[in-house]
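K.L.:
Everything below, folded, please.
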Amino acid sequence: MSVVSMSERFIGTMPVQERHRLDTAALERYLGGRIEGFSGPLSAEQFRGGQSNPTYLLRAGNARYVLRAKPGPAAKLLPSAHAVEREFRVITALGRAGIPVPRTYCLCEDESVVGRSFFVMEYVEGRVLWDQSLPGMTSSERGAIYDEMNRVIAALHELDYRAAGLADYGKPGNYFERQIARWSRQYRASETEKVADMDRLIEWLPENIPPGDETAVVHGDYRMDNLVFHPREPRILAILDWELSTLGHPLADFSYHCMSWHIPPGKFRGIAGLDLEALGIPGEAQYIAAYCARTGRERIEHWDFYLAYNLFRIAAILQGIMKRALEGTAASAEALDAGRRAGPLAELGWKYAEKSMGKT
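P.N.:
Modelled structure (predicted):
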């Protein structure tokens, strides 16, 4: 496999769009006193992805850095969205605890510097794998990649978040109740047309939360293309995009990660319907069993609820992207297309809700 740089993860870079422009002179002055070895001249390019927070590739001397910022001043931000301060905090803490994340350099909450809050982190060179069927690999290579993803998410969920300094990173307990309420509000704030299956899920989910509760650091968007792998080894060097992270129920996080087994390749980069055995990719049951072994569980019950919940949540996120695209504030040219997927994913979510009720 060839090496894929982090810039390719965002489908390349482009000149910074006018609405996301940075004052590079002011930024160079600011970073010069805060990053050891930093030297100008500084230039910035914008990555072509990152639909929520605009992300930039910085070049300074022979070094490269990544800057994550809130959208420009004209953006209408949803409540609690775009919290780059939280991203910086959790990445810094997890790096100290041994979880693979980029090194962080500095956080700037003084909006007078470039007009919005931002943080700067390490540019991690490695492979980012967009196609979850992993074309060009052998069966054993594919199996090793999937096992490494499983190992790392299990390690994250087993982390002692209190010892890592993240005891107040979220509210322990009642995670599903709070998240369903949160995403229902965010969806309503972004609603552009009626989607009957979202209305059904908003009503059904709060009444069918499984019993029992657990708390761990949850990533919120743990999937293959949010990971940077070593150029040659099946080893994760960095987990990216911590914007949705919090303290929450680990099974919400893990079941989200397992959505790949339920979404066809043409819809949101899934692997449903592929000959997984021939590819060397574990089936969902095998993958769940490996996670259970690593986290000391006998089994996971109420799986259909978790799938319905996560499809609802993804649909709410995509609806937010759609709203920003229509308002012209989304950070990606692909935002409108992503937003159109909200309805089909809500439909699939309601099918799992019906399956949970024994109706299918």
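
K.L.:
Low-confidence ranges, this protein, go.
P.N.:
1-11, 49-52, 72-82, 267-268, 329-339, 360 (pLDDT under 70).

K.L.:
residue ranges of the strands in it, please?
P.N.:
13-14, 42-47, 55-60, 63-69, 104-108, 118-122, 216-218, 227-229, 236-239, 246-248 (DSSP state E).

K.L.:
JSON lines for the ones you listed, including mean neighbour count and distance to Leu129?
P.N.:
C-betas here are computed from N, CA, C, even on glycine. JSON lines is the format used below for those (neighbours: other CB atoms under 10 Å; distance: least, CB to CB, whole Å):
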{"stretch": "strand 13-14", "mean neighbour count": "14", "distance to Leu129": "19"}
{"stretch": "strand 42-47", "mean neighbour count": "20", "distance to Leu129": "17"}
{"stretch": "strand 55-60", "mean neighbour count": "21", "distance to Leu129": "19"}
{"stretch": "strand 63-69", "mean neighbour count": "21", "distance to Leu129": "19"}
{"stretch": "strand 104-108", "mean neighbour count": "19", "distance to Leu129": "24"}
{"stretch": "strand 118-122", "mean neighbour count": "23", "distance to Leu129": "20"}
{"stretch": "strand 216-218", "mean neighbour count": "25", "distance to Leu129": "22"}
{"stretch": "strand 227-229", "mean neighbour count": "24", "distance to Leu129": "7"}
{"stretch": "strand 236-239", "mean neighbour count": "22", "distance to Leu129": "11"}
{"stretch": "strand 246-248", "mean neighbour count": "22", "distance to Leu129": "26"}
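
K.L.:
Select, out of these, the one closest to Leu276.
P.N.:
Of all the strands of the chain, strand 227-229 sits nearest to Leu276, with 19.3 Å by CB to CB.

K.L.:
which residues sit against that closest one?
P.N.:
Contacts of strand 227-229 with the rest of the structure, by CB atoms under 8 Å, 6 or more residues apart in numbering, involve 6, 9, 124, 126-129, 145, 148-149, 152, 235-240.

K.L.:
Would you reformat the strands of the chain as a markdown table and include distance to Ala163?
P.N.:
Formatted as a markdown table, the strands of the chain follow (distance: least, CB to CB, whole Å):
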| stretch | distance to Ala163 |
| --- | --- |
| strand 13-14 | 38 |
| strand 42-47 | 34 |
| strand 55-60 | 30 |
| strand 63-69 | 26 |
| strand 104-108 | 19 |
| strand 118-122 | 23 |
| strand 216-218 | 11 |
| strand 227-229 | 24 |
| strand 236-239 | 19 |
| strand 246-248 | 14 |
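
K.L.:
Tell me how far His230 lies from Gly12.
P.N.:
His230 is 22 Å from Gly12, where distance means CB to CB, to the nearest Å.

K.L.:
quick revisit: which one, of the strands of the chain, ends up nearest to Thr295?
P.N.:
Nearest to Thr295 among those is strand 216-218 (9.2 Å), distances taken as CB to CB.

K.L.:
List the strands paired with the closest one, with their directions.
P.N.:
strand 246-248 (antiparallel) (DSSP bridges).

K.L.:
Spatially central residue in the chain, please.
P.N.:
Asp221 (2.9 Å; CA atoms, centre = their mean).

K.L.:
ChimeraX command to pick out the buried ones of the contacts of strand 227-229?
P.N.:
Remark: buried members of the contacts of strand 227-229, expressed as a ChimeraX selection using 16 or more other CB atoms under 10 Å:
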select :6,9,124,126,127,128,129,145,148,149,152,236,237,238,239,240
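
K.L.:
roughly how far apart are the residue nearest to Leu129 when sequence neighbours are not counted and Glu243?
P.N.:
Leaving aside its chain neighbours, Leu129 sits nearest to Met224 (5.4 Å; criterion: CB to CB, 6 or more residues apart in numbering). Distance of Met224 to Glu243, given as CB to CB: 17 Å.

K.L.:
What residues of stretch 158-173 count as buried?
P.N.:
159, 161, 164, 166, 169-170, 172.

K.L.:
Tell me the one among those residues nearest to Arg324.
P.N.:
Distances from Arg324 to the buried residues of stretch 158-173, taken by CB to CB, are shortest for Gly170, at 24.5 Å.

K.L.:
Got phi/psi on the closest one?
P.N.:
Main-chain torsions, Gly170, degrees, to the nearest 10: phi -170, psi -170.
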